[in-house]
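Q: here you go, sequence then predicted model.
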Protein chains: 2
Amino acid sequence: MSRAMRIGEVAERAGVTARTIRYYEERGLLGHPGTREKGEHRVYTEADVVRLQELIRLRDLLGLSLDDLVGLVEAEEARAALRGQWEESSTDEERVRIVEASIPLVEKQLELVQSRRDKLDAFEAELEQKLGRLKRRRSELRRGAAA
Amino acid sequence: MSRAMRIGEVAERAGVTARTIRYYEERGLLGHPGTREKGEHRVYTEADVVRLQELIRLRDLLGLSLDDLVGLVEAEEARAALRGQWEESSTDEERVRIVEASIPLVEKQLELVQSRRDKLDAFEAELEQKLGRLKRRRSELRRGAAA
DNA sequence: TACGAATCTGACGTTAACGTCAAATAGAAG
DNA sequence: CTTCTATTTGACGTTAACGTCAGATTCGTA
């Protein structure tokens, strides 16, 4: 198990405030529901930090809203729940199910990232064309002005 | 000259509302200041549509705030103003200055787009690694479960 | 066990980027 | 000139994503 941490440390490592973390939990993005008495301090692990950092990244790089993020996470958990009903046998099967549930989530994230990158590629190409036209036009004008 | 248009048509073509266009003008991003009597309808050209679409794109793809966009645009106009003081001679020199003023702006946009794309590339690579690990782990677990 | 720093739980405040509404007006069409 | 629709200005409303504050409480430490 990784070292236990409290909200302040997690916030600092993820580059957000404690308020943000509480708000994300309130929205259902973070935290282990039902494992904390009212008033107790929240306890996090290394995996939670990684998770939070991923969410922040999706938010910042793709501009996803918290609703979007909730959608992603819920899709993950819905799959996990469906799989969970089907058969609850050994501990190894349990792990398989966890792994299988997270694969479509990562695939979805990949789609989002790639789609955005494609759009940026197209934008970049247009800007380069435009820059080329401007530079060409500039030298043409300079030639004309010098004549 | 390209066909003249009013705010409704511009809004539809750019995929925004008229309110957004007025707000952008209020923030100094759009419109030709001092060329309209109070109460008159706003008149736009094809170039204005292109300009607006670019702003929308920077906003949506990069998540730039209106303050960010104002910063970009002001940088452009500041250069144009500086250049304008220096020498005001012929009409051709005028055009050179306009072209020269817009080059750094396009370059700045290119930087922003490329920087964002780099980050997305890195994110994409990480997600693919993660996906590979998950799939490998899945087949390992299945093998173990079958034994 | 007493202390002090960090955390907890409400609750209300803030900002950007528009949405919405009303009354007046502009401008194209007949 | 009338009519009708789109537009204008001004003002207030809305939402997401936290910020901020206060008083109570928890938890590592001396």
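A: Great, that's in hand.
Q: list the buried residues for the helix or strand of chain A with the lowest mean pLDDT?
A: Using mean pLDDT, DSSP states H and E, helix A:66-86 stands out as the lowest-scoring helix or strand of chain A, at a mean of 82. Across helix A:66-86, burial judged by 16 or more other CB atoms under 10 Å in any protein chain shown covers A:69, A:72-73, A:76, A:79, A:83. Glycine gets a C-beta too; all of them are placed from N, C-alpha and C.
Q: which other residues reach stretch A:27-40?
A: A:21, A:24-25, A:42-43, A:48, A:51-52, A:55, A:66, A:69-70, A:73-74 (CB atoms under 8 Å, 6 or more residues apart in numbering or on different chains).
Q: quick one, helices of chain A?
A: Per DSSP state H, chain A carries helices over the ranges A:7-14, A:18-26, A:46-62, A:66-86, A:91-146.
Q: tell me the mean pLDDT over the first one?
A: Translated: helix A:7-14. Averaging pLDDT along helix A:7-14 gives 98.
Q: same deal with the last one?
A: Along helix A:91-146, the predicted local confidence has a mean pLDDT of 91.
Q: that one and chain B, any residue contact?
A: Yes - for a cut-off given as CB under 8 Å from any CB of the partner chain, helix A:91-146 has contacts with chain B, namely A:92-93, A:95-96, A:99-100, A:102-103, A:106-107, A:109-110, A:113-114, A:116-117, A:119-121, A:123-124, A:127-128, A:130-131, A:134-135, A:137-138, A:141-142, A:144-145.
Q: relative to helix B:91-146, how tilted is that helix?
A: 170 degrees (axes from the mean of the first three to the mean of the last three CA atoms, to 10 degrees).
Q: also the third one?
A: Our comparison of helix A:46-62 with helix B:91-146, counting by the same axes, to 10 degrees, yields an angle of 150 degrees.
Q: so which bits of helix A:46-62 are buried?
A: Those would be A:48-49, A:51-52, A:54-59, A:61-62, for helix A:46-62 by 16+ other CB under 10 Å.
Q: residues touching the residue nearest to A:E46 when sequence neighbours are not counted, list them.
A: Excluding the flanking residues, the one nearest A:E46 by CB to CB, 6 or more residues apart in numbering or on different chains is A:S2, at 3.7 Å. The neighbourhood of A:S2, defined by CB under 8 Å, 6+ apart, consists of A:45-47.
Q: please determine how far A:S2 is located from A:T45.
A: For A:S2, the distance to A:T45 equals 5 Å [CB to CB, to the nearest Å].
Q: these two touch, right, A:E107 and B:L131?
A: Yes - taking CB atoms under 8 Å as the definition, A:E107 is a contact partner of B:L131 at 6.7 Å.
Q: okay, the two: which has more neighbours?
A: B:L131 (17 against 13; other CB atoms under 10 Å in any protein chain shown).
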